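Colleague: sequence unknown, structure follows:
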């Protein structure tokens, strides 16, 4: 399932520690680890 979002708001991130207001998710089939960066990713 995919949706086309019209009038998408500007994404702005000031800090990785700030309050999380909205989340963007995708189905797992669209996620790909191209470069392993830690031990957890080695086991996928």
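Modeller: The structure has been received and is ready for your questions. Here the structure is a predicted model, which is why all the values come from computation and not from measurement.
Colleague: any idea how far residue 22 is from residue 8?
Modeller: 12 Å (CB to CB, to the nearest Å). (C-beta placed from N, C-alpha, C; glycine too.)
Colleague: and what of residue 34?
Modeller: Shown here: residue 34 relative to residue 22, a distance of 26 Å by CB to CB.
Colleague: now swap in residue 29 and tell me
Modeller: 23 Å.
Colleague: Stretch 14-33: how far from the chain's middle?
Modeller: 3 Å (CA atoms, centre = their mean, to the nearest Å).
Colleague: Over to stretch 6-19?
Modeller: 12 Å.
Colleague: Could you do stretch 27-44 as well?
Modeller: With CA atoms, centre = their mean, you get 12 Å for stretch 27-44.
Colleague: Let's test this: mean pLDDT of that stretch, rounded?
Modeller: Mean per-residue pLDDT for stretch 27-44: 81.
Colleague: Show me where this structure has its strands.
Modeller: Secondary structure of the chain, counting by DSSP state E: no strands present.
Colleague: Helices of that one, start to end?
Modeller: 39-42 (DSSP state H).
Colleague: Near residue 29, how many other residues are there?
Modeller: The tally of other residues near residue 29 (other CB atoms under 10 Å) stands at 6.
Colleague: ugh, wrong one, residue 21
Modeller: So residue 21, with other CB under 10 Å, has 5 neighbours.
Colleague: Next one: residue 15 relative to residue 39, how far apart?
Modeller: 26 Å.
Colleague: again, but for residue 29
Modeller: Going from residue 29 to residue 39 by CB to CB gives 24 Å.
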